[in-house]
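Chemist: This is a predicted model, with the sequence first.
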Amino acid sequence: MRIEDVYIWDINAEWLGITPYQLMENAGASVARVIEERFGTGLRVAVFSGTGNNGGDGFVAARHLSFENDVALFLVGDETKIRSEEARHNWEILKGLDFVKIKVLRDSAYIKALDLSGFDVIVDALLGAGTRGEPREPIRSAIEKINEYAGRARIVSVDLPSGYPSSVRVNADFAVTFQWDKEEYEGFERVVVKIGYPKELYHLVGPGGAKFALRKKGEHKGQNGKLLIIGGSSSYYGAPYLASKGASYLVDLVYLAMPSEPAKRISDPDLILRPVEGKNFSPGHVHELLSIAEKADAVVIGPGIGLAEETNEFVREFVKRCEKPLVIDADGLKAVAEDLGVLKGKTFVLTPHGSEFKVLFGVKPEGSFQEKAELVRAKAREIGGVILLKGAYDIISDGKTWKYNRTGNRGMTTGGTGDVLAGLVGALLALGNEPLRAASVGAFLNGLAGDMVKEELGENFTALEVAKKVPHAVRWVMEF
Ligand SMILES: NC(=O)C1=CN([C@@H]2O[C@H](COP(=O)(O)OP(=O)(O)OC[C@H]3O[C@@H](n4cnc5c(N)ncnc54)[C@H](O)[C@@H]3O)[C@@H](O)[C@H]2O)[C@H](O)CC1
Ligand SMILES: [K+]
């Protein structure tokens, strides 16, 4: 788990109804409990808090410790800068107490003059996951002051030693860190404590990951992703259009490559049409499509592409030679199923439903969603890419971990929602997301858009309405 996951988990915890107040209370209480487990009670404790939520955890720990210990709390910085509601709430509680001695230290001179020799334990709640760069004053002086007592007082850091990973950091005996160890942390002892997260947060796709996935990369045109969609055939033109429509809300440019015949049916100014001669794709088109793909950041291949033999050969040849991140969907999956070797070394997402999964891997996903997840994970591991198995719960895996998505409803069985999904996954790849996140968040947004349409129209709606709801789903995520 990475520090970024802290913020994704907090957002998804809130989405599940677990408030930041509860998390902060559990975090601070756990710090106090570990201190008493290790050092007993009747301690003289100095808590140093910053103005962020790391400091907020310190406020809670001070309150819990004050029951059987002698506690002084030093706020380092200006109390008007205490940012979050939950930190402010716990600060106000402390200010209403009499046994905890509070000192606000705004500038370094006071901090440098401090004498902490009377304390048994010093709690470092200055900086945590929100640290940006080298510690700035007055936090810096507080870190240096605490370090004067390393070896004389016990020093316990909240979440991580303040200043980490810079060299100006608290020399803590250990850090009490929350819920899981972080892969970026090293060089100091950690005590991991739980703060009330349910297991779902490891697997359930929520607005947290979607926020990170939708961050626009650059502000200039064309930096926010360019996507190529290859699809359509003599019998289908709707599918590639639907894939393009949804995607066009997430990326700057969508190129839609179709055989010239069905391409005549598309007249949407949002899309850049790239018709190729003929009724169906065939191996003669590979070179032309590879050069179009050069201008894109990701490619979706498959929607409505049909099952003509020459098209299957085209798909396999294109996939084998394309260097861009790929989404392979619909009939494209059947073409690839005949030779999964074309995927070797590629960055890709396969987006099968149950029966396409069986065509690909010879086994129909059955049983509970955990059992299906195990099967999807095993197959994703085997082929070295990401599989998004569509269903009542979509299941996504990159062969290492697995996610599941609960958004969406029965109305989504209407034809074409899978095309919209493929386009969204491709767009999220084009925005620079890892395949696992692109696939998970694509499933989340597609289902969320479908749920919004159902709110308005009931369960009978078309995939085009889902595609057009994508901007509303994006807005909901960004405002969450
Ligand atoms: N899910 C969890 O694990 C929970 C973690 N909690 C605690 O929340 C902090 C992260 O809180 P956040 O407010 O995002 O950031 P910080 O408190 O770490 O710091 C922000 C604070 O500090 C200032 N600042 C940032 N960088 C510097 C610097 N280099 N020098 C000086 N000052 C700096 C910034 O301006 C802010 O004021 C996490 O570590 C946990 O302790 C939750 O409380 C419970 C759930
Ligand atoms: K800290």
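Modeler: The structure has been received and is ready for your questions. Ligands and ions are numbered 1, 2, ... in the order given.

Chemist: G56 and E85 touch, don't they?
Modeler: No. Judged on Cβ atoms under 8 Å, G56 makes no contact with E85 at a distance of 9.7 Å. C-beta here means a position set from N, CA and C on the backbone, and glycine is covered the same way.

Chemist: Please identify which of these two sits among more neighbours.
Modeler: G56 (32 against 13; other Cβ atoms under 10 Å).

Chemist: Report the contact partners of the residue nearest to the more buried one when sequence neighbours are not counted.
Modeler: Closest residue in space to G56, ignoring its immediate chain neighbours: A87 at 3.2 Å, by Cβ to Cβ, 6 or more residues apart in numbering. Going by Cβ atoms under 8 Å, 6 or more residues apart in numbering, A87 touches 24, 51-53, 55-56, 59.

Chemist: Residues of the stretch 101-250 of the chain that sit close to ligand 1?
Modeler: 127-136, 139, 158-159, 178-179, 195 (Cβ under 6 Å from any ligand atom).

Chemist: What subset of those is buried?
Modeler: 127-129, 131, 135, 139, 158-159, 178-179, 195 (16 or more other Cβ atoms under 10 Å).

Chemist: Which single one of the residues you listed is nearest to ligand 1?
Modeler: G128 (2.0 Å; Cβ to the nearest ligand atom).

Chemist: so which helix or strand takes in the closest one?
Modeler: Following DSSP states H and E, one finds G128 outside all helices and strands.

Chemist: and the nearest residue to it once chain neighbours are set aside, how many residues sit next to it?
Modeler: Spatial nearest neighbour of G128, chain neighbours left out: N54 (3.1 Å); criterion: Cβ to Cβ, 6+ apart. The number of residues packed near N54 is 24, by other Cβ under 10 Å.

Chemist: okay, N54: pLDDT?
Modeler: Per-residue pLDDT puts N54 at 98.

Chemist: How is L388 assigned, secondary-structure-wise?
Modeler: strand (DSSP: H, G, I helix; E, B strand; the rest coil).

Chemist: Now the element after the one helix or strand E144 maps to, going C-ward?
Modeler: Using DSSP H and E, E144 falls within helix 139-147. The first helix or strand that comes after helix 139-147 along the chain, using DSSP H and E, is strand 154-158.

Chemist: Just want the angle from the helix or strand just after that next one to strand 154-158.
Modeler: Note on strand 154-158: by DSSP H and E, the next helix or strand toward the C-terminus is strand 174-178. With axes from the mean of the first three to the mean of the last three Cα atoms, to 10 degrees applied, the angle from strand 174-178 to strand 154-158 works out at 20 degrees.

Chemist: Make residue 1 into 6 and carry on from there
Modeler: That works, and once the first residue is 6, the last one we named lands at strand 179-183.

Chemist: chain center to the host helix or strand of E41, what's the gap?
Modeler: Take DSSP H and E as the rule and E41 turns out to sit in helix 25-44. Averaging C-alpha positions (Cα atoms, centre = their mean, to the nearest Å) puts helix 25-44 27 Å from its chain's average.

Chemist: And for the very next helix or strand once past that helix, what's in contact with it?
Modeler: The helix or strand immediately downstream of helix 25-44 is strand 49-54, counting by DSSP H and E. With contacts defined as Cβ under 8 Å, 6+ apart, strand 49-54 is touched by 40, 60-61, 63-64, 66-67, 70, 74-81, 121, 123-131, 147, 151, 158.

Chemist: who are the neighbours in contact with the most centrally placed residue in the chain?
Modeler: Centroid-nearest residue in the chain: G214, 2.5 Å away (criterion: Cα atoms, centre = their mean). Counting by Cβ under 8 Å, 6+ apart, G214 touches 13, 17, 442, 445-446, 449.

Chemist: Can you pick out the most distant pair from these?
Modeler: Across those, no pair lies farther apart than N17 and R442, at 13.3 Å, counting by Cβ to Cβ.

Chemist: Can you dump the C-alpha atoms of the helix holding E41 in PDB for me?
Modeler: This file holds the C-alpha atoms of helix 25-44, laid out as PDB (Å, rounded to 0.1, in the frame of the first residue of the first chain):
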ATOM      1  CA  PRO A  25     -13.000  11.200   9.300                       C
ATOM      2  CA  TYR A  26     -14.000  11.900  12.900                       C
ATOM      3  CA  GLN A  27     -14.200   8.200  13.600                       C
ATOM      4  CA  LEU A  28     -10.900   7.600  11.900                       C
ATOM      5  CA  MET A  29      -9.100  10.300  13.800                       C
ATOM      6  CA  GLU A  30     -10.600   9.100  17.100                       C
ATOM      7  CA  ASN A  31      -9.400   5.600  16.400                       C
ATOM      8  CA  ALA A  32      -6.000   6.800  15.300                       C
ATOM      9  CA  GLY A  33      -5.400   9.000  18.300                       C
ATOM     10  CA  ALA A  34      -6.800   6.400  20.700                       C
ATOM     11  CA  SER A  35      -4.500   3.700  19.200                       C
ATOM     12  CA  VAL A  36      -1.400   6.000  19.700                       C
ATOM     13  CA  ALA A  37      -2.400   6.400  23.400                       C
ATOM     14  CA  ARG A  38      -3.000   2.700  23.800                       C
ATOM     15  CA  VAL A  39       0.400   1.700  22.300                       C
ATOM     16  CA  ILE A  40       2.200   4.200  24.500                       C
ATOM     17  CA  GLU A  41       0.500   2.900  27.700                       C
ATOM     18  CA  GLU A  42       1.100  -0.700  26.600                       C
ATOM     19  CA  ARG A  43       4.800   0.000  26.200                       C
ATOM     20  CA  PHE A  44       5.500   2.500  28.900                       C
END
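
Chemist: Any part of that helix near ligand 2?
Modeler: No. Helix 25-44 lies out of reach of ligand 2 by Cβ under 5 Å from the ion, never closer than 10.0 Å.

Chemist: how far off strand 159-163 does that helix point, in degrees?
Modeler: Going by the same axes, to 10 degrees, helix 25-44 makes 160 degrees with strand 159-163.

Chemist: What separation do you get for the residue nearest to the centre of the chain and D456?
Modeler: 17 Å (Cβ to Cβ, to the nearest Å).
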